[in-house]
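Peer 1: Okay, structure incoming, though there's no sequence with it:
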């Protein structure tokens, strides 16, 4: 199979590689923005006098809007044009970053972050859709998707490193300013190198379905994000989850009734899509939750500064890049199931290492977890993404990418929320017991309930023997809590590996799921009919 030809002539190999590099650079910027502000919170709080709730929205507003709208926007990009969506998304991120850099009030930073999330939702599905269109050949597409997975993961994982450096050498505003020159370069190169492409046959855009999916996912991601702070059984959390369930149920009903659905639901019953997307979601649950816990461990227990802690998370993106590269030959030789299952087992092995951490283990133990789990995560990310994209027609590449992206975002939010809740609950319980035995002042216990990282500062005000006892108790409590989160995450990835081994098919089976040429919903039997891709249109 050869690449689809543009209206004005063929897309040469050099231009295809250049176009893929440009969209991957955009994806790197997106991943960077997800996490670059995480280590800048103290500096931002001191400058703008933000409340805890405002900080939460500044950090999470970006991911909340991205995760809630990416599915609807991904389906829209197929009809509107993938390059157009990508360029507009980058431009929205750049304009929003300018607003954030110039902000003088917390609400302005929150608005900028939410607007950046909307821009990210516009550009993210377009990146993978462009690659899917440019590289229809299975071998080249696998390599391109492996690069996409590696770059995307490295963007998010390098965010704390870059953010820590910017905070120490400039200020939190630099985390916004950095996007402006990067976005300008991306837009110029995209207009020069990325060919426009869209679905050949337009069936209309399911506006009610898009609105229901966006509202339902926004409610779900908001509920997941807010529940650790408000309480999982609080009225706000229960209302949010109920609203999400009702809205998503209405979305499913709409997709079953309409002749031209935004998301043909039979696609989710295809193992190459449904099982692979679930594997991506649950791997993201484990790894992004672990990154959150790890950042606290490096600063709160091992005593590193934000910059030093960020540098010490580099083995994770390095392992992820290595795993993504290795996924290509493994998949070509052994099929798609092996790198997904093998990668999940490696991630589980990494969490087994982390679960044996003691207060005296130090950084080498942490680095070993990152390398092992990182390689496994890279294998899963590249192979499962290729499984999803290999199971949809070129007509619906944007939708396939959006399914991939939405499941990862929801999994990431759930991972941080659940593992963060477990960590906080166990840490507070263990430390409170120890502080009672030590007869420590009530201020220390109050600090533990407010923030895990504030305990050492409170302990430094205590007399020598009591200070040493409180610090040791805090290290023990945090390590105990972290090992329990590792057990939870490892159990999730192990069960996911078992499910993938049972239901995930080989690549040859994935092509049975492609949409019929008219783009309408087809029953499973029709969807399984053998046939080629429904070609898209590429323009210069």
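Peer 2: Arrived safely. These numbers were taken from a predicted model, which means no experiment stands behind them.
Peer 1: what residue ranges in the stretch 51-200 of the chain score low on pLDDT?
Peer 2: Along the stretch 51-200 of the chain, segments meeting pLDDT under 70 span 52-53.
Peer 1: cool, the stretch 201-350 of the chain as well?
Peer 2: Applying pLDDT under 70 to the stretch 201-350 of the chain picks out residues 201-204.
Peer 1: could you say what helices and strands whichever strand or helix holds residue 470 packs with?
Peer 2: Residue 470 is part of helix 464-503, with elements assigned from DSSP states H and E. Contacts defined by 3 or more Cβ pairs under 8 Å, 6 or more residues apart in numbering; DSSP states H and E place helix 464-503 against helix 271-300, helix 337-354, helix 397-438, helix 455-459. Placement of C-beta: from N, CA and C, glycine included.
Peer 1: Reformat those as TSV; add distance to residue 65.
Peer 2: Listed next are those as TSV, based on distance: least, Cβ to Cβ, whole Å:
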stretch	distance to residue 65
helix 271-300	17
helix 337-354	28
helix 397-438	10
helix 455-459	33
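Peer 1: what's the closest of these to residue 146?
Peer 2: For those, the distance to residue 146 is smallest for helix 337-354, at 10.0 Å, taking Cβ to Cβ.
Peer 1: Now the element after that closest one, going C-ward?
Peer 2: Using DSSP H and E, the first helix or strand after helix 337-354 is helix 363-389.
Peer 1: which residues touch stretch 114-127?
Peer 2: By Cβ atoms under 8 Å, 6 or more residues apart in numbering, the residues outside stretch 114-127 that reach it are 23-24, 26-27, 30, 33, 61-66, 69-70, 73-74, 77, 82-83, 85-86, 88-93, 95-97, 99-100, 148, 398-399, 401-402, 405.
Peer 1: re earlier: with distance to residue 124 and mean neighbour count as extra columns, can I get the helices and strands packed on helix 464-503 in TSV?
Peer 2: Output for the helices and strands packed on helix 464-503, formatted as TSV (distance: least, Cβ to Cβ, whole Å; neighbours: other Cβ atoms under 10 Å):
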stretch	distance to residue 124	mean neighbour count
helix 271-300	14	24
helix 337-354	22	25
helix 397-438	5	22
helix 455-459	38	19
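Peer 1: For residue 16, which of those helices is the nearest?
Peer 2: Proximity to residue 16 (Cβ to Cβ) singles out helix 397-438 among the helices and strands packed on helix 464-503, at 15.0 Å.
Peer 1: Give me the average confidence score over the closest one.
Peer 2: In this model, helix 397-438 carries a mean pLDDT of 84.
Peer 1: if we can go back for a sec, quick one, the helix holding residue 470 and helix 337-354 angle?
Peer 2: Angle of helix 464-503 versus helix 337-354, following axes from the mean of the first three to the mean of the last three Cα atoms, to 10 degrees, is 160 degrees.
Peer 1: quick one, strands of the stretch 151-300 of the chain?
Peer 2: Taking DSSP state E, counting those that start in this stretch as the test, the strands found in the stretch 151-300 of the chain are 196-199.
Peer 1: Would you map the helices across it?
Peer 2: 174-177, 179-193, 207-230, 235-257, 271-300 (DSSP state H, counting those that start in this stretch).
Peer 1: got the buried residues for the helix or strand following the last one?
Peer 2: Elements were assigned by DSSP H and E; along the chain past helix 271-300, the next helix or strand is helix 306-311. When burial is assessed from 16 or more other Cβ atoms under 10 Å, helix 306-311 yields the following buried residues: 306, 307, 309, 310.
Peer 1: Tell me which helix or strand comes right after helix 306-311.
Peer 2: helix 315-334.
Peer 1: orientation of that next one relative to helix 337-354 in degrees?
Peer 2: 150 degrees.
Peer 1: Pull out the buried positions in stretch 253-267.
Peer 2: Buried, per 16+ other Cβ under 10 Å, within stretch 253-267: 254, 255, 261, 262, 263, 264, 266, 267.
Peer 1: picking up where we left off before, do you know which of the helices and strands packed on helix 464-503 lies nearest residue 167?
Peer 2: Using Cβ to Cβ, the helices and strands packed on helix 464-503 put helix 271-300 closest to residue 167, at 12.9 Å.
Peer 1: looking at the helices and strands packed on helix 464-503, which is closest to residue 228?
Peer 2: Among the helices and strands packed on helix 464-503, the nearest to residue 228 by Cβ to Cβ is helix 397-438 (4.3 Å).
Peer 1: ok now the closest one, how far from the chain's centre?
Peer 2: With Cα atoms, centre = their mean, to the nearest Å as the basis, helix 397-438 stands 13 Å off its chain's centre.
Peer 1: From the contact counts, what lies against that helix?
Peer 2: Using 3+ Cβ pairs under 8 Å, 6+ apart: helix 397-438 touches helix 52-80, helix 82-101, helix 106-134, helix 207-230, helix 271-300, helix 363-389, helix 442-450, helix 464-503.
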